[in-house]
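Peer 1: This is the structure alone, sequence omitted:
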Ligand SMILES: Cc1cc2nc3c(=O)[nH]c(=O)nc-3n(C[C@H](O)[C@H](O)[C@H](O)COP(=O)(O)OP(=O)(O)OC[C@H]3O[C@@H](n4cnc5c(N)ncnc54)[C@H](O)[C@@H]3O)c2cc1C
C-alpha cells in the first residue's frame, strides 16, 4: 500500500466528514470501519440540526452547532451536486409545544437574533391542523433544519470515493499500537497499517478503543435511543414538533419519524416492546391521524454519550499524533461539520474555527 498520511478509525458521520476535510487538504487518507460505513448512531439519528433545548445548551456545544448550521445548506448542495444523492437538507422549522420555559427561550432567541414566533393553540392549528397541542404556550423556531441521515451518509461515502479516499469496511481496529508517545500502527485482519497521524471517530466505542490501546479510558458511554418511522401520507405534518422531550420529524416524502427513548443499556442495541408502545402512544396522541399509518421500521442506535454532551476533539495529551473526535451524544449530527473542521485544524496546525480548549481530550480524562 502507498504511504498513508492519516488513518481514520470509524466511519460514522464524524469519520466521514473528517476524511473529507483532511483529503481536501491534499492528505492521503484511509478510513477503517469495522462493519459497513454509516450504520451505527449516525444512521439511527433523527437529523434535527439543533439541540432539543437550545437555550439550555452549554456554550461549547452551541458554538459548534452555530458553525455547522450555516455550513449545512452548502454541504448538502455540494454533496448533491457531486453525487446525485440529495441529503434532503430541509428548513422545516421546529415547534416546541407546551414550552414551559418560553420566557427563557425568547430571551435566548432575542440575544442571538434568532427568528421565533410564540404561539397559542389556534396559531398551531393554523400551521399544523392535524396535531393536538395541549397548552397555550408554544414556541416556533422557523429556521431549524433537518437532514435525512441515511442519505447524507450515502452521499458522503460516494463523494469520498470520487475523491479517491480509501474506505475499508469490515476492518475492525482492536487497538492502536503506541511507542514512546507516538501512535505507530494498527493491525487489522493480519494487515499492518501505518500513517503519520491517527484519528479516532469510533462514536460510543471510543472509550473502549482508548483503553484497549493502553490509554486512560475516555468517559464516553453508549446511550441507547429507539425510533419509529411511520409510512404517513405526504402533508400530514409540515414542521418538526417537540413535546415533553419527544419529537416528530416529517421527511420530504411524507414519512414521519417518532423519537426517541434514552436508556443506558451498555452496548445492547436490541429494540423493545416497551419503547415501541411509548413512542407509538406519543406519536398517535399528538398526531391522531398516524393511527391510520403503518410503521415501516423500529430501530435503536447507541449515542456516544459524554457527561455534559461536549465532544472530545483534539490531540491526545500523551500521544502527539493521535487525535479524537467523539462523544457528541445527542447532537452529533448537528455538530458534525464543525467538529470535523476543528479536528482538521488540529491535525493541519491551522487557526481553529472556535476556541479549542473546551473539547481537548485532557479536559475529559
Ligand atoms: C435515536 C437517536 C436519535 C438522534 N437524533 C439526533 C438528532 O436529531 N440530531 C443530532 O445532531 N444528533 C442526533 N443523534 C446523535 C447522533 O446520531 C450521534 O451523536 C452521531 O451520529 C455520532 O456520530 P459518530 O460518527 O461519532 O458515531 P457513529 O455513527 O456511531 O460511528 C462510529 C463508527 O465507528 C465504528 N467503529 C466502532 N469501533 C470501531 C473499531 N474498533 N474499528 C473500526 N471501526 C469502529 C462503528 O462501527 C461506527 O460505524 C441521535 C442519535 C440516536 C441514537
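Peer 2: Cool, the structure landed. If you're wondering where the values come from, they're calculated on a predicted model, not measured in any experiment.
Peer 1: tell me the secondary structure for residue 323?
Peer 2: Three-state call for residue 323 (DSSP: H, G, I helix; E, B strand; the rest coil): strand.
Peer 1: so it touches residue 200, yeah?
Peer 2: Yes - if you go by Cβ atoms under 8 Å, residue 323 and residue 200 touch, sitting 7.0 Å apart. Every residue, glycine included, has its C-beta placed from N, CA and C.
Peer 1: hey, what's in contact with both of these two?
Peer 2: Counting by Cβ atoms under 8 Å, 6 or more residues apart in numbering, no residue touches both residue 323 and residue 200.
Peer 1: Look at these two and report which has more neighbours.
Peer 2: The neighbour count for residue 323 versus residue 200, taken as other Cβ atoms under 10 Å, is higher for residue 200 (30 against 25).
Peer 1: Please report how far that one lies from residue 147.
Peer 2: Per Cβ to Cβ, to the nearest Å, residue 200 is found 24 Å from residue 147.
Peer 1: so which residue of the stretch 1-150 of the chain comes closest to the ligand?
Peer 2: Nearest residue of the stretch 1-150 of the chain to the ligand, counting by Cβ to the nearest ligand atom: residue 12, 2.2 Å away.
Peer 1: helix, strand or coil for the closest residue to that residue other than its chain neighbours?
Peer 2: Distances taken as Cβ to Cβ, 6 or more residues apart in numbering place residue 42 nearest to residue 12, at 3.8 Å, with adjacent residues excluded. For residue 42, the assignment made with three-state DSSP gives helix.
Peer 1: quick one, what contacts residue 42?
Peer 2: Counted by Cβ under 8 Å, 6+ apart, residue 42 has contacts 12-14, 149, 153, 203, 332-333.
Peer 1: if we can go back for a sec, wait, doesn't the residue of the stretch 1-150 of the chain closest to the ligand sit right on residue 40?
Peer 2: Yes - contact criterion Cβ under 8 Å: residue 12 and residue 40 qualify, at 5.6 Å.
Peer 1: ok, those two, which is more surrounded?
Peer 2: Counted by other Cβ under 10 Å, residue 12 and residue 40 do not tie: residue 12 has more neighbours, with 31 against 26.
Peer 1: Quick check: phi and psi on that one?
Peer 2: phi -90, psi -160 (degrees, to the nearest 10).
Peer 1: neighbours around the residue nearest to residue 53 when sequence neighbours are not counted, how many?
Peer 2: Nearest residue to residue 53, sequence neighbours excluded (Cβ to Cβ, 6+ apart): residue 101, at 7.5 Å. Residue 101 sits with 15 neighbouring residues when counted by other Cβ under 10 Å.
Peer 1: just checking, residue 101 touches residue 108?
Peer 2: No - counting by Cβ under 8 Å, residue 101 stays clear of residue 108, with 9.0 Å between them.
Peer 1: joint contacts of those two?
Peer 2: Common neighbours of residue 101 and residue 108, using Cβ under 8 Å, 6+ apart, are residue 55.
Peer 1: about what we covered before: how much space between the residue nearest to residue 12 and residue 15?
Peer 2: 9 Å.
Peer 1: same thing with residue 347?
Peer 2: Distance of residue 347 to residue 15, given as Cβ to Cβ: 13 Å.
Peer 1: Of the two, give the one with the bigger neighbour count.
Peer 2: residue 15 (31 against 23).
Peer 1: ok but that one is inside a helix, no?
Peer 2: Yes - Residue 15 forms part of a helix when assessed by three-state DSSP.
Peer 1: check which helix or strand covers residue 30.
Peer 2: Per DSSP states H and E: residue 30 is located in strand 29-32.
Peer 1: wait, does that strand contact the ligand?
Peer 2: Yes - contact of strand 29-32 with the ligand (Cβ under 6 Å from any ligand atom) involves residue 32.
Peer 1: can you map out the strands along the stretch 51-200 of the chain?
Peer 2: Ranges of strands in the stretch 51-200 of the chain, per DSSP state E, counting those that start in this stretch, are 94-96, 117-119, 138-141, 166-168, 176-179, 182-188, 191-193, 197-200.
Peer 1: Is it possible to get TSV of those that adds distance to the ligand and mean pLDDT?
Peer 2: Formatted as TSV, the strands of the stretch 51-200 of the chain follow (distance: least, Cβ to the nearest ligand atom, whole Å; pLDDT from 0 to 100):
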stretch	distance to the ligand	mean pLDDT
strand 94-96	10	97
strand 117-119	22	95
strand 138-141	14	96
strand 166-168	9	98
strand 176-179	9	98
strand 182-188	8	97
strand 191-193	12	95
strand 197-200	9	98
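Peer 1: Identify whichever of those lies nearest to residue 339.
Peer 2: strand 197-200 (11.3 Å; Cβ to Cβ).
Peer 1: partner strands of the closest one, parallel or antiparallel?
Peer 2: For strand 197-200, the paired strands and their directions (DSSP bridges) read strand 6-9 (parallel), strand 322-326 (parallel).
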